[in-house]
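> 3D model of this:
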Amino acid sequence: MLLAASALGGCSDEGGAREGLVVSGSTTLLPIAEVSGEMFGEENPGVSILVSGMGSSAGIESVSSGSSAIGTSSRELKDAEFDLGLYDTPVAYDAIAVIVHPDNPVRDLTADEVREIFAGTITNWSEVGGPDLEIGLVNRDEASGTREAFHKIVMGDEPFYRGAVVLPGTGQVRAVVAEVKGAVGYISLGFVTDEVVAVGIDGVAPSEASVVSGAYKVQRLLHFFTMGEPEGLAAEYIAFVLSPAVQETVVRDAGFIPITAKEVSGD
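This next block holds a predicted model:
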């Protein structure tokens with residue numbers, strides 16, 4: 001379990017009880033939740049924000065069962081989850097980037113090619129203008145909100161290829177793609193580093209501008225879910241996350257797009 005620094009200990013410096021807030025779920029949202037939790041704790045002595053990254057599905061389950069005050073999710077609710085009584089507060093926009101090894105010359109794929117690659121129909125990079133090199137598929141586990149969103153947006157009714165390497169976290173996917181020349185995976189745009197290359201889809205590269213304009217289609221909202229409309233400490237913390245102090249610093253520094261960006265652009 002990953003803890004926000006402000007959550008360590010569980011007691012104030014004077015030994016008094018601290019008021020705590022448990023936030024759990026998406027590994028994609030972990031940088032936002034952790035850093036904003038630390039900032040909130042610094043501005044509110046006696047308050048601790050305990051943050052964990054267990055996956056979006058686990059976060060939704062945790063908040064619906066009462067184990068967490070806030071469940072973070074990088075995917076929308078599934079049909080079976082609509083009746084849980086959850087209240088949705090979107091906190092940022094994100095793009096899901098398809099990533100390849102830097103030595104792979106492929107820099108753009110069509111949406112159909114991406115779908116066929118992850119379905120296992122296209123198996124060699126030479127089929128999409130690259131070298132004669134076997135494609136190594138890297139996928140996320142079924143608890144991942146990123147996997148759920150990618151499947152919904154890109155795959156449609158097409159199932160993922162079952163022979164892909166399945167990993168539990170964004171960092172692991174990036175590490176494998178950075179190491180294996182023929183590998184391909186998908187991660188949040190906020191986690192793309194120089195170790196990998198994000199390819200364009202249908203001629204459009206993932207970026208803030210292309211997400212805000214709607215040109216890059218593989219995009220999503222990032223969510224904070226609560227049981228009913230947030231109240232008390234949960235409401236205060238969520239308002240803090242939505243404030244310019246967090247949106248224009250923490251959200252952008254994490255590589256995501258502030259929730260107000262499309263409003264500002266006029267979209």
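> need the strands for this protein, in chain order.
Secondary structure of the chain (DSSP state E): strands at 19-25, 47-53, 70-73, 86-100, 108-109, 136-140, 165-167, 183-188, 197-198, 200-201, 219-227, 257-258.
> now residue 141. Nearest residue, chain neighbours left out?
residue 168 (5.0 Å; C-beta to C-beta, 6 or more residues apart in numbering). The way it works is simple: take the backbone N, C-alpha and C, and place the C-beta from them, glycine included.
> residue 242: neighbour count?
By other C-beta atoms under 10 Å, the residues close to residue 242 number 20.
> sorry, that was for residue 226
Neighbours of residue 226 using other C-beta under 10 Å come to 20.
> tell me how far it lies from residue 95.
26 Å (C-beta to C-beta, to the nearest Å).
> in contact with residue 137: list those residues for me.
117, 118, 120, 161, 163, 164, 165, 183, 184, 185 (C-beta atoms under 8 Å, 6 or more residues apart in numbering).
> ok, those vs residue 27, which is closest?
residue 185 (14.2 Å; C-beta to C-beta).
> quick one: the residue nearest to residue 189 when sequence neighbours are not counted from residue 56, how far?
Excluding the flanking residues, the one nearest residue 189 by C-beta to C-beta, 6+ apart is residue 95, at 4.1 Å. Distance, residue 95 to residue 56, by C-beta to C-beta: 17 Å.
> for residue 72, same thing?
Taking C-beta to C-beta, one finds residue 72 at 7 Å from residue 56.
> which ones are touching the residue positioned nearest the centre of the chain?
In the chain, the residue lying closest to the centroid (C-alpha atoms, centre = their mean) is residue 28, at 3.0 Å. Contact analysis of residue 28 by C-beta under 8 Å, 6+ apart lists 56, 74, 94, 145, 146, 170, 188, 190, 191, 222.
> I'd guessed the third one sits against residue 259; true?
When you say that, I think you mean residue 94. No: using C-beta atoms under 8 Å, residue 94 is not in contact with residue 259, being 10.7 Å away.
> among the contacts of residue 28, which one has the most neighbours?
Ranked by neighbours (other C-beta under 10 Å), those are led by residue 56, which has 30 neighbours.
> touching, that residue and residue 78? I think so.
No: using C-beta under 8 Å, residue 56 is not in contact with residue 78, being 10.2 Å away.
> run a quick neighbour tally on residue 235.
The burial count for residue 235: 13, using other C-beta under 10 Å.
> OK, contacts around it?
So residue 235 contacts residue 229 (C-beta under 8 Å, 6+ apart).
> buried residues in the longest helix anywhere in the chain?
Ranked by number of residues, the top helix in the chain under DSSP state H is helix 30-43. By neighbour count on 16 or more other C-beta atoms under 10 Å, the buried set for helix 30-43 is 30, 31, 32, 33, 34, 35, 36, 37, 38, 39, 40, 41.
> excluding chain neighbours, what is closest to the first one?
In this case it means residue 30. residue 53 (4.2 Å).
> neighbours of residue 194, how many?
7.
> in contact with it, which residues?
Counting by C-beta under 8 Å, 6+ apart, residue 194 has contacts residue 102.
> let's see that with 6 Å instead.
Applying C-beta atoms under 6 Å, 6 or more residues apart in numbering to residue 194 gives no contacts.
> surely residue 139 is in contact with residue 166?
Yes: between residue 139 and residue 166 there is a contact under C-beta atoms under 6 Å: 5.1 Å.
> quick revisit: what is the longest helix of the chain packed up against?
Judged by 3 or more C-beta pairs under 6 Å, 6 or more residues apart in numbering; DSSP states H and E, the packing partners of helix 30-43 are strand 47-53, helix 232-241.
> point out the most buried one among those.
When you average the neighbours per residue for each of the helices and strands packed on helix 30-43 (mean count of other C-beta atoms under 10 Å), strand 47-53 leads with a mean of 24.
> quick check: mean pLDDT of that strand?
Strand 47-53 shows a mean pLDDT of 95.
> low-confidence regions, the stretch 1-150 of the chain specifically.
Scanning the stretch 1-150 of the chain with the threshold set as pLDDT under 70 gives 1-18.
> what do residue 72 and residue 56 both touch?
Joint contacts of residue 72 and residue 56 (C-beta under 6 Å, 6+ apart) are 25, 26.
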